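Novice: For reference, the sequence and a predicted model appear below.
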Amino acid sequence: MEDKLLGFLLLSASSTAFVYYTLWVIVTPFVEEEHYLQTWFPDRYYAIAIPAYLGLLLCVFVAGFIGHVMLKARKPKSC
Amino acid sequence: MLRIVRLLGYFCTVTLVWLASLQLNLSDSLRAILQILPLYALVSFGLYSLGVIGLSILTFPTCEGDSLKKDILDAETDLRKLGVMPLDSVRKQK
């Protein structure tokens, strides 16, 4: 039962993120400033900065995980 | 033709179309969208993959009731009769 909840949360979170990001990137340039809709979205600088930063975090975690596994797999020097 | 060659062909075509469209004289907002399109495509692909994973978890097929357990026990008795499984092996109850 918890698995289905997890799947549903993942699906709805990614759908929401996709709609929000699409609106942010594609719709806001056509909406003139001072419109009410602009208050929902931060500056478009962050539309690039946040995915880039998250991608960098992902690479850091992958590299760190690989390093951790390699450290763990060292065999002790046999005398 | 190898699949990778075909994939690279599609990728290069799309890249060329994108680069060519950047040479046109377009309005500021259209240019802004065009410039961010590759990153947008990458983010959308990542979110789409997550969504497909979530959907698969949500609609994972499961057996109702104890039909699966019954099938396992029936198979075990059959195998014991045939002599494939030792008679004294007991299934550990999870």
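Specialist: Perfect, I can see it now. Residues are numbered from 1 along each chain as shown, chains lettered A, B, ... in the order given.
Novice: Say whether chain B is contacted by the worst-scoring helix or strand of chain A on mean pLDDT.
Specialist: Scoring the helices and strands of chain A by mean pLDDT, DSSP states H and E places helix A:2-22 at the bottom, with a mean of 91. Yes. Residues of helix A:2-22 contacting chain B under CB under 8 Å from any CB of the partner chain: A:3-4, A:6-15, A:17-18, A:21-22. From N, CA and C alone the C-beta is placed, and that goes for glycine too.
Novice: Now name the helix or strand holding the residue most central in space within chain A.
Specialist: For chain A, residue A:54 is the residue whose C-alpha lies nearest the centre (CA atoms, centre = their mean; 5.0 Å). Residue A:54 belongs to helix A:45-72 when elements are defined using DSSP states H and E.
Novice: Can you mark which positions in that helix are buried?
Specialist: For helix A:45-72, the buried set under the neighbour-count rule, 16 or more other CB atoms under 10 Å in any protein chain shown, comprises A:47, A:51.
Novice: what ranges do the strands span in chain B?
Specialist: Secondary structure of chain B by DSSP state E: no strands are present.
Novice: Got the domain ranges for it?
Specialist: Recorded structural domains for chain B (assignment: automatic domain parsing) are B:1-34, B:36-85.
Novice: And for chain A?
Specialist: Using automatic domain parsing, chain A is parsed into the domains A:1-41, A:42-79.
Novice: Show the average pLDDT along the shortest one.
Specialist: Across domain A:42-79, the average pLDDT comes to 91.
Novice: Whether that domain contacts chain B - can you check?
Specialist: Yes. Against chain B, domain A:42-79 shows contacts by CB under 8 Å from any CB at A:44, A:47, A:48, A:51, A:52.
Novice: What is the neighbour count of the closest residue in space to the last one that isn't next to it in sequence?
Specialist: The spatial neighbour of residue A:52 that comes closest, neighbours along the chain excluded (CB to CB, 6 or more residues apart in numbering or on different chains), is residue B:39 at 7.8 Å. As a burial measure, the neighbour count of residue B:39 was computed by other CB atoms under 10 Å in any protein chain shown and equals 15.
Novice: Can you name the residues that contact residue B:39?
Specialist: Listed by CB atoms under 8 Å, 6 or more residues apart in numbering or on different chains, the contact partners of residue B:39 are A:48, A:51, A:52.
Novice: gap between the residue lying closest to residue B:55 once chain neighbours are set aside and residue B:45?
Specialist: Using CB to CB, 6+ apart and skipping the chain neighbours, the partner closest in space to residue B:55 is residue A:11 (5.3 Å). Residue A:11 sits 16 Å away from residue B:45 when distances are taken as CB to CB, to the nearest Å.
Novice: give me the number of residues near the nearest residue to residue A:17 once chain neighbours are set aside?
Specialist: Excluding the flanking residues, the one nearest residue A:17 by CB to CB, 6+ apart is residue B:47, at 5.5 Å. Close neighbours of residue B:47, defined as other CB under 10 Å, add up to 19.
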